[in-house]
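**Q** just coords:
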């Protein structure tokens, strides 16, 4: 008898925005503050202020209703007549989202440009890669030796992906049956775990789990406050991460 395999339901991804109100009159705040307060509640969120359909200001607030009330009276009070709000469940990435919006939209009401505290400008890296590519192409055209393509492992055994993608000294952690293991990557590419150095993530993971384990899957890194991400996801994305 063939057993029917139950198909696992795909886990729903939690939405960033769970309610929104777009391009409504400022009069709504002034004439029906109790209704607005009831619907916004104590939610965090992003808001945008407009003047005659042109974006004037973008901001975030962990207490959105209080922030909107303040903008009716503060220095922005005469500069906007319509607004939009986007309520979020979590406020973990609100500051980064606000920074992105300010950098992209550059609204006239903003005094400062958004800061991406944990992001590194790729401009220098791309310029360096272009110079290296052009140098290799010139070497090939004129018969000189070209720079060899880097392998995943260097000749001294260090993992290029590990050193390129992940910040040195950043905390890593892995969990197994409710137990948490912590490790760090040193400048030489070795993993410091439980008072010993290991040559790779997988060897350190094996020491923790007591059986062969893919270290890129086992270990995680904190990318943002309390946001632990598996290293294999960082590796798949191929983009280095930078911490404060």
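**A** Arrived safely. A quick note: this is a predicted structure, and the numbers were derived from the prediction, not measured.

**Q** Only C-alpha atoms from now on, for both contacts and neighbour counts.
**A** OK.

**Q** shaky segments in the chain?
**A** Within the chain, the ranges that satisfy pLDDT under 70 run 1-15, 89-93, 113-122, 144-160, 163, 166-170, 223-226, 238-244.

**Q** Next, the buried residues of the longest helix belonging to it.
**A** The longest helix of the chain (DSSP state H) is helix 123-141. Residues of helix 123-141 classed as buried by neighbour count (16 or more other CA atoms under 10 Å): residue 136.

**Q** number of nearby residues for the nearest residue to residue 228 once chain neighbours are set aside?
**A** Distance criterion CA to CA, 6 or more residues apart in numbering; nearest residue to residue 228, sequence neighbours excluded, is residue 222 at 4.3 Å. Counted with other CA atoms under 10 Å, the neighbours of residue 222 add up to 16.

**Q** check contacts around residue 222.
**A** Residues near residue 222 by CA atoms under 8 Å, 6 or more residues apart in numbering: 171-172, 228-229.

**Q** Buried only: go through those for me.
**A** 172, 229.

**Q** Closest one of the contacts of residue 222 to residue 123?
**A** residue 229 (25.5 Å; CA to CA).

**Q** Can you list the residue ranges for helices in the chain?
**A** Going by DSSP H, the chain shows helices at 27-31, 33-40, 64-71, 94-105, 123-141, 160-165, 201-209, 215-218, 231-237.

**Q** Buried residues, the third one. List them.
**A** By neighbour count with 16+ other CA under 10 Å, helix 64-71 contains the buried residues 64-65, 68.

**Q** ok, of these, which one's closest to residue 213?
**A** residue 64 (45.5 Å).

**Q** For that closest one, which non-adjacent residue is closest in space?
**A** That would be residue 44: by CA to CA, 6+ apart, it lies 5.5 Å from residue 64.

**Q** Next one: the one you found from residue 19, what distance?
**A** Going from residue 44 to residue 19 by CA to CA, to the nearest Å gives 11 Å.
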